[in-house]
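> requesting a structural model of the entry that follows:
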Amino acid sequence: MVGSKIGSKKRVRIILFKNHLYRGELTPPHIDLIKWIGAKEVRTLPNVNGIICTLPEDVSDQKILSSGGVAAIEENHKIRLVPWAPAKFKSFKHEEEQLVPWGVYSIGAHVCWPEATGQGVRVAVIDSGIDGSHPNLGSSLKGGINLVAPGASYYDDNGHGTHVAGTIAAANIGRGIVGVAPEAELYAVKVLDQWGDGTILNAINAIDWCLKHRIHVANMSFGTDKYSRALEEAVRAARRYGLLIIAAAGNDGGPNTVDYPAVFEETLCVAAVDSRGKPAGFSSSGPEVDLLAPGAHILSTYRWGSYVRLSGSSMATAHVTGAAALLKEKYPEENVDQLHRRLLSGVQKAKGFGNNFTGAGIIRVDLSLKSFPGA
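Residues are numbered from 1 along each chain as shown. Below you'll find the model as predicted:
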């Protein structure tokens, strides 16, 4: 057995096994391998065939892979928000003034409201938290969890998550703004700290939380340029168990720059367009993109009861998540694959890039609501 000396440095690693865990639990071969490499602080990963642990510095990744029982070993990579800055929005002139943001109108959400408002649909915002004290979000926010600091509040100390939540489901209270699905149920799953940083482990645990709480749609407006097999396994399991994950393409600009987890086939990848219906210059694009949605100068809720405009594929993703909530209410019997196809079935073609970079086109939820996408 390789042990770790007192005072020696430790490395955090995710280890994926070749032999399957038994109902999520370690078997004797796994335990023997863990002892051999001197792993400590071992935790199995939910919906992933592996563990996260700390390793002595003198045990190399190559040595672990040479054991024959390990499929992959990786770092607990960072996930992050792309740098952004809120654009100030002047307060509403009157306390009772209300606006429907341009993106909500452009995707046809308001046309759907007589038939569907997202009522009863559970939506997780896997992000920096949500400010539940905001007047447009208080009635929509139903719960959540802080995975950055377990046991602490899932309050948003960054602002990004609150903005995304408002586009998805800001409540129609006669003032402020209205989201795409104003009666959807929001759940704040905090995986990002006040600086917008998190880890792959946070994201994997977030997916597990969503599955355990029977979430219908999860919004992931974060990314990383580093591939993680562990995250891919978790995303694949989520899809298999009926969770629709809608992920932001990223803000790297130009073709072939889509971030993970949006790259994964099991997610629905969203890139951004501007108010003219053209692909936004800041948005990542590539063959992985499934849909386009409004992402430029989007007015939404922010911390401390305020409203700001933000631009990014995060904002675009929120529009599609809200659209999914409307469709899920209207067609509750449709499974995750059918819901995915329905979202793609109602689109308008984008101008600017070739079809290889724009997916099916720009989301039009009013058209999806009436479409017949087939089995």
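> in which helix or strand does residue 55 reside?
Using DSSP states H and E, residue 55 maps to strand 50-56.
> okay, which residue is most central for the protein?
For the chain, the residue nearest the mean C-alpha position is residue 220 (0.9 Å; Cα atoms, centre = their mean).
> list the residues that contact the closest residue to residue 33 other than its chain neighbours.
What sits nearest to residue 33 in space, not counting adjacent residues and going by Cβ to Cβ, 6 or more residues apart in numbering, is residue 69, at 5.1 Å. The C-beta positions use only the backbone N, C-alpha and C, and glycine is treated the same way. With contact set as Cβ atoms under 8 Å, 6 or more residues apart in numbering, residue 69 has these partners: 17-19, 29-30, 33.
> do the same with residue 52
Contacts of residue 52 by Cβ under 8 Å, 6+ apart are 12-15, 42-43, 45, 76, 201.
> from residue 41, how far off is it?
Note on residue 52: its distance to residue 41, by Cβ to Cβ, to the nearest Å, is 8 Å.
> mind listing the helices for the stretch 201-350 of the chain?
All helices of the stretch 201-350 of the chain, identified by DSSP state H, counting those that start in this stretch, fall at 229-240, 313-330, 336-345.
> single out the most deeply packed of these.
Most buried of those, by mean neighbour count (mean count of other Cβ atoms under 10 Å): helix 313-330, with a mean of 30.
> check the offset of that one from the chain's centre.
12 Å (Cα atoms, centre = their mean, to the nearest Å).
> just the pLDDT for residue 87.
In this model, residue 87 is scored at 77, pLDDT.
> for this structure, give me the ranges with low pLDDT.
Residues of the chain meeting the criterion pLDDT under 70: 1-9, 83-85, 93-95, 351-356, 374-375.
> could you list the domains of it?
10-75, 80-370 (automatic domain parsing).
> highest mean neighbour count out of those?
The most buried one of those (mean count of other Cβ under 10 Å) is domain 80-370, showing a mean of 22.
> ends of it, how far apart?
End-to-end distance of domain 80-370 (Cα to Cα, to the nearest Å): 37 Å.
> distance between it and the chain's centre?
In terms of Cα atoms, centre = their mean, the centre of domain 80-370 is found 7 Å from the chain centre.
> skipping adjacent residues, who's closest to residue 132 in space?
Leaving aside its sequence neighbours, residue 132 sits nearest to residue 141 (Cβ to Cβ, 6+ apart; 4.3 Å).
> residues contacting residue 171?
By Cβ under 8 Å, 6+ apart, residue 171 lies in contact with 136-140, 178-179, 182-183.
> any idea how far residue 205 is from residue 43?
Residue 205 is 10 Å from residue 43, by Cβ to Cβ.
> what's the answer for residue 22, then?
16 Å.
> swap in residue 31?
Distance, residue 31 to residue 43, using Cβ to Cβ: 14 Å.
> where do the strands sit along the stretch 201-350 of the chain?
217-220, 244-248, 254-255, 268-273, 284-285, 291-294, 298-301, 307-310, 347-348 (DSSP state E, counting those that start in this stretch).
> packing partners for the second one?
Counting contacts by 3 or more Cβ pairs under 8 Å, 6 or more residues apart in numbering; DSSP states H and E, strand 244-248 is packed against strand 217-220, helix 229-240, strand 268-273, helix 313-330, helix 336-345.
> how about 10 Å then?
strand 122-127, strand 217-220, helix 229-240, strand 268-273, helix 313-330, helix 336-345 (3 or more Cβ pairs under 10 Å, 6 or more residues apart in numbering; DSSP states H and E).
> next one: the first one
When contacts are defined as 3+ Cβ pairs under 10 Å, 6+ apart, strand 217-220 sits against strand 122-127, helix 160-169, strand 185-190, helix 200-212, helix 229-240, strand 244-248, strand 268-273, helix 313-330.
> tell me which of the contacts of residue 69 is nearest to residue 129?
residue 17 (33.3 Å; Cβ to Cβ).
> tell me which residues touch that closest one, please.
Neighbouring residues of residue 17 by Cβ atoms under 10 Å, 6 or more residues apart in numbering: 26-27, 29-30, 33-34, 48-51, 69-72.
> and residue 360, by the same measure?
Listed by Cβ under 10 Å, 6+ apart, the contact set of residue 360 reads 289-292, 341, 343-350.
> for it, what are phi and psi?
Backbone torsions for residue 360, taken as degrees, to the nearest 10, come to phi -70, psi -30.
> hang on, the earlier thing: which two of the contacts of residue 360 have the greatest separation?
Most distant of these, by Cβ to Cβ, are 341 and 350, 19.1 Å apart.
> for the nearest residue to residue 340 once chain neighbours are set aside, which residues make a bridge with it?
Distances taken as Cβ to Cβ, 6+ apart put residue 268 closest to residue 340, at 5.9 Å, once the chain neighbours are dropped. Counting by DSSP bridges, residue 268 forms beta bridges with residue 246.
> I'm done for today, thanks for sticking with me.
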